[in-house]
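Q: Sequence plus the predicted model coming up.
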Amino acid sequence: MNGVDNKENKDNDDCLIFLHIPKAAGTTFAQILQQRYPGGSLEWLGSEGAMSADEAFEALSSTRKAEVGAVMGHINFGGHRLLPKPARYVTFMRHPVDRIVSHYYHVLRNPQHYLHDEVRSKKMDLAAYAASDLSLELENDQTRMIAGNGVYESDAEMLETAYRNIDQHFACIGVTERFAESVLLISHLRGWSIPYYQDVNIGANKPRNSAVSDEVIAIIEGRNHCDMELYRYAQTRLTEQLDASMPDWKTQTERFLWRNHQYARVAQAKNLIRRGVGASIRLLKGGMHTQSALQPQSTMNTLL
């Protein structure tokens, strides 16, 4: 665990594999990958029916594996072995307590989630959910994904494997709570121009961290002790990489956050305009009798 990975790759001849840990800012980072890898050079692996994302990766044709520039999905470490060219990984880790809390509320608000019906039918609260055996996603899942599929004799062995994979195969381990700094570092290491983004897939029903009880925090930390250790390592590694690669990273981060805020405001305004235009077209298609039934304030609300 040397802290700083010196195997930076700026020629981008390799394939970038984004190991998307659920509920760790991956959907937001996906926007950036779509900007960086246009025209079909990004392979976004989903779970199709009974096929997992890992299986979908393996099922790609030889031609596709040779031409793809980046791969992303809820995949475990190891996919680089399927490719005929070098590959480097990136991922984002999130504080285990915040991630499991977010995971619970994500399940509650999404009827399509595979755990939704069971959690609802059993009327599980957050404490019961965090302590349950409903899914491996609730126990050291970040470490498990980075370590890769395999049989481990102990949690300590799995954690050590994750450390080794990071040092040997990951260009960067981003940290969700330090998203802007992580994006700056990844962009620097990959030789990208600075990408701007909007936060997406944020849970509106998730409570403030202060509303999470000490009991729940203890349950989550106890069941995710490997993730706690690996998260602390990711924090340290991120700072060390920033110091080594971008000595003025704090100033750059402040500038980036300000510019990205302006970008997000403009993007939000454009989205409102698009929705307004769409609403206007629907009103026109509905005919004058539909429009006359709307009061001025109602029309304005529809357009906004």
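A: Done, it's in.
Q: Tell me where the stretch 151-300 of the chain has helices.
A: 155-169, 179-190, 214-223, 225-245, 249-286, 288-292, 296-303 (DSSP state H, counting those that start in this stretch).
Q: go on, the stretch 1-150 of the chain?
A: Going by DSSP H, counting those that start in this stretch, the stretch 1-150 of the chain shows helices at 26-36, 53-59, 62-67, 96-109, 116-121, 126-131, 141-147.
Q: Rounded mean pLDDT for the first one, please.
A: What it means is helix 26-36. Averaging pLDDT along helix 26-36 gives 90.
Q: Same question for that helix: list its buried residues.
A: 26, 28, 29, 30, 32, 33, 36 (16 or more other C-beta atoms under 10 Å). From N, CA and C alone the C-beta is placed, and that goes for glycine too.
Q: Can you pull the domain assignment for this protein?
A: Per automatic domain parsing, the structural domains of the chain span 15-247, 260-303.
Q: Any chance of JSON lines for those domains, columns distance to residue 254?
A: As requested, the domains of the chain are exported to JSON lines (distance: least, C-beta to C-beta, whole Å):
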{"stretch": "domain 15-247", "distance to residue 254": "9"}
{"stretch": "domain 260-303", "distance to residue 254": "11"}
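Q: Would you tell me which one of those is buried the most?
A: domain 15-247 (a mean of 17; mean count of other C-beta atoms under 10 Å).
Q: Endpoints of that domain, how far apart?
A: 27 Å (C-alpha to C-alpha, to the nearest Å).
Q: just stretch 187-197 next, same as before
A: Termini of stretch 187-197 sit 13 Å apart (C-alpha to C-alpha).
Q: same deal with stretch 44-53?
A: 9 Å.
Q: pLDDT of that stretch, averaged?
A: Mean predicted confidence for stretch 44-53 is 80.
Q: do stretch 58-73 as well
A: 96.
Q: next one: it to chain centre, how far?
A: 20 Å (C-alpha atoms, centre = their mean, to the nearest Å).
Q: Next: stretch 100-110.
A: 15 Å.
Q: likewise stretch 80-97?
A: The chain centroid and the centroid of stretch 80-97 are separated by 12 Å, computed with C-alpha atoms, centre = their mean.
Q: Would you mind measuring the gap between the ends of it?
A: Counting by C-alpha to C-alpha, you get 30 Å between the two ends of stretch 80-97.
Q: Same question for stretch 45-59.
A: Per C-alpha to C-alpha, stretch 45-59 runs 11 Å from first to last residue.
Q: now swap in stretch 56-71 and tell me
A: Start-to-end, stretch 56-71 (C-alpha to C-alpha) is 11 Å.
Q: Could you dump the helices of the stretch 151-300 of the chain into CSV and include distance to residue 18?
A: Shown next, in CSV, are the helices of the stretch 151-300 of the chain (distance: least, C-beta to C-beta, whole Å):
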stretch, distance to residue 18
helix 155-169, 13
helix 179-190, 10
helix 214-223, 25
helix 225-245, 15
helix 249-286, 20
helix 288-292, 46
helix 296-303, 38
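Q: surely residue 56 meets residue 46?
A: Yes - contact criterion C-beta atoms under 8 Å: residue 56 and residue 46 qualify, at 6.9 Å.
Q: Give the intersection of the neighbour lists for those two.
A: When C-beta atoms under 8 Å, 6 or more residues apart in numbering defines a contact, the residues bordering residue 56 and residue 46 alike are residue 73.
Q: ok, back up a step: so which of the helices of the stretch 151-300 of the chain is nearest residue 97?
A: Nearest of the helices of the stretch 151-300 of the chain to residue 97, taken as C-beta to C-beta: helix 214-223 at 4.8 Å.
Q: and that closest one, what other elements does it pack with?
A: helix 96-109, helix 126-131 (3 or more C-beta pairs under 8 Å, 6 or more residues apart in numbering; DSSP states H and E).
Q: returning to what we had before: as JSON lines, the helices of the stretch 1-150 of the chain with distance to residue 212 would be great.
A: Shown next, in JSON lines, are those (distance: least, C-beta to C-beta, whole Å):
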{"stretch": "helix 26-36", "distance to residue 212": "22"}
{"stretch": "helix 53-59", "distance to residue 212": "29"}
{"stretch": "helix 62-67", "distance to residue 212": "43"}
{"stretch": "helix 96-109", "distance to residue 212": "6"}
{"stretch": "helix 116-121", "distance to residue 212": "17"}
{"stretch": "helix 126-131", "distance to residue 212": "7"}
{"stretch": "helix 141-147", "distance to residue 212": "18"}
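Q: Which stretch among those approaches residue 272 most closely?
A: Among the helices of the stretch 1-150 of the chain, the nearest to residue 272 by C-beta to C-beta is helix 26-36 (18.5 Å).
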